[in-house]
Structure formats: C-alpha cells, structure tokens
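[1] Next one to model:
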Amino acid sequence: MRRKKGFTDISMPIQEDMIVFPGDPGFRRVPFLSQAKGDPANVTIYEMSSHTGTHIDFPGHFINNGRSLKDIPLERFIGNAHVLDVSHTENLIKVKDLRNLPEPLLPKILLKTRNSKKGYLKGKRFFPNYVALGLEAAKYLVKRGVQTIGIDYLSIDEYGAKDHAVHKFLLERGISIIEGLDLQKVLPGKYFFICLPLNIPSAEGSPARAILMKAV
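    Alright, predicted model coming up:
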C-alpha cells in the first residue's frame, strides 16, 4: 500500500514472486525486444491470469455467456465507498458481523478482515484459511442495496467452495466483485474510491489499479 498526495494505492504490485490463487498461472515477464540485443527499443510480453493480484470479477467469470466488461458501467468502480472493519470475524463473514453498518450504507463497500490484520497479501505463499464472505451475508448486503463489494484476499468465496455460491449469487444479480485489495493500513470510514480495469471489452475479469482518497 502506497500513499501520495492524499491518495492511497490499495493495489497489489504485479510481480513474478507474487501470490496467486491455487491453479492460476503466475505472472511472467518475457522480453520481446531488447536494446541490449540490438533492438531499437525495449518491449516486454506480460503473461498472467485475468484474475491476477487486485482484480475485478465480471459475470462471465462464472456465468456462461454472462456479461463482460463492456456491459458494466464504470460508475461501479468510481465513487464514494465505505471501508468496513470486520476483522473480528474468524472464518466466514456472517449477517451478525454486519449488524452495525453505517446508515445510509453506500452502494460500494470494501471489507477489511483478519486477512489484512495478518498481512496475508504480503506473503509469498497462499493462505487457505483466509476470511471470506458467507452466502447469507452476501444476500443481506444485496438487500441493503450494495452494488460493488471488495475484499482483502484473492477470492470472496471460502477456499474449497466447489459450487462458488457467493460468486454466482452476486454475479447473477449484477453485483461487481473486487478481490485482492490491500487494506492493511486503511482505517474504516468513507472514501472516494477508484478501481479501473483494463479496457478489454470481452473480459470476464481484469487486473485493476485501486486507489482510495479520504472523502470530504
């Protein structure tokens, strides 16, 4: 997490030794042109998953023929957002963990969990016991009008969830999911939030640069 001129970068650095979700390909830099070899410029090929580091899930990630980036309004990823502290939760975030939410609740929320407290995104190995969002809690947030949900690890579903129920429930209802947010040093509160995907219209997911600025 980096701060500059009032902005806080809450994105994971994309680099070759970063953690990825088990089964996903790692990030690789492959030289294509090199001045050291006599080429006129340096050009690099980047190889990575569409769900590398801090990234956004679109409906097509789990829904066949589901909506892709071109169908999602950018307003989902820009605007005021609440950072909510649910770091007391041990495993799954449940409805009872969301009882004292701000009023009115903004349509964009970022969940700061024990994942941030433990620094799970900073490590070189994957932690399968990360805190995830429970299905009933996801339903509760949708009832409260939430349209974008961010979380501080690489999946919003618990590890080993074969049916991916939370992903499917949210994506089927057009709720945007942002994963891999570095909230370790971010205090709970209201912020102006920017999280822009790469402009790949057919994408079912995209790495993103996520920025917070304290709301006035």
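[2] C-alpha only now, for contacts and for neighbours.
    Fine.
[3] in this structure, which spans are helices?
    Across the chain, reading from the start of the chain, the helices by DSSP state H fall at 114-118, 135-143, 165-172.
[4] and the gap between the residue most central in space within the chain and residue 148?
    Within the chain, one residue has its C-alpha closest to the average C-alpha position: by Cα atoms, centre = their mean, that is residue 179, at 2.0 Å. Applying Cα to Cα, to the nearest Å, one obtains 11 Å for the distance of residue 179 from residue 148.
[5] what about the strands in the protein?
    When secondary structure is read from DSSP state E, the chain shows strands at 2-4, 7-9, 28-33, 43-47, 55-57, 78-85, 92-93, 108-112, 132-133, 148-151, 176-179, 189-197, 205-214.
[6] Direction included, what does the fifth one pair up with?
    In the sheet containing strand 55-57, its partner strands are strand 176-179 (antiparallel), strand 205-214 (antiparallel), by DSSP bridges.
[7] what's in contact with the longest one?
    Contacts of strand 205-214 from elsewhere in the structure, counted by Cα atoms under 8 Å, 6 or more residues apart in numbering, are 6-11, 50-58, 60-61, 68-69, 181, 190-198.
[8] The closest residue to residue 97 other than its chain neighbours: what's it in contact with?
    For residue 97, ignoring the flanking residues on the chain, the nearest one in space by Cα to Cα, 6 or more residues apart in numbering is residue 86 at 6.7 Å. Contacts here follow Cα under 8 Å, 6+ apart; on that basis residue 86 touches 93, 97, 98, 111, 112, 113, 114.
[9] let's see 10 Å
    93, 94, 97, 98, 111, 112, 113, 114, 131, 188 (Cα atoms under 10 Å, 6 or more residues apart in numbering).
[10] Over to residue 49?
    20, 21, 24, 25, 26, 27, 55, 205, 206, 207.
[11] The same query, at a cut-off of 6 Å, please.
    Contacts of residue 49 were listed using Cα atoms under 6 Å, 6 or more residues apart in numbering, and they are residue 25.
[12] how close does it get to residue 198?
    Relative to residue 198, residue 49 is positioned 13 Å away (criterion: Cα to Cα).
[13] got it, and residue 32?
    Between residue 32 and residue 198 the distance is 21 Å, computed by Cα to Cα.
[14] and if you look at residue 189?
    Distance check for residue 189 against residue 198: by Cα to Cα, it reads 27 Å.
[15] what about residue 172, neighbour count?
    Neighbour count of residue 172, defined by other Cα atoms under 10 Å: 17.
[16] can you tell me how far residue 102 sits from residue 32?
    Distance, residue 102 to residue 32, by Cα to Cα: 50 Å.
[17] Residue ranges in this structure under the pLDDT threshold?
    1-5, 216 (pLDDT under 70).
[18] From the centre of it, point out the most distant residue.
    Among residues of the chain, the one most distant from the C-alpha centroid is residue 38; the distance is 40.1 Å, by Cα atoms, centre = their mean.
[19] how many other residues sit next to the closest residue to residue 27 other than its chain neighbours?
    Take residue 27 and drop its neighbours on the chain: the residue closest to it by Cα to Cα, 6+ apart is residue 48, 4.6 Å away. The number of residues packed near residue 48 is 19, by other Cα under 10 Å.
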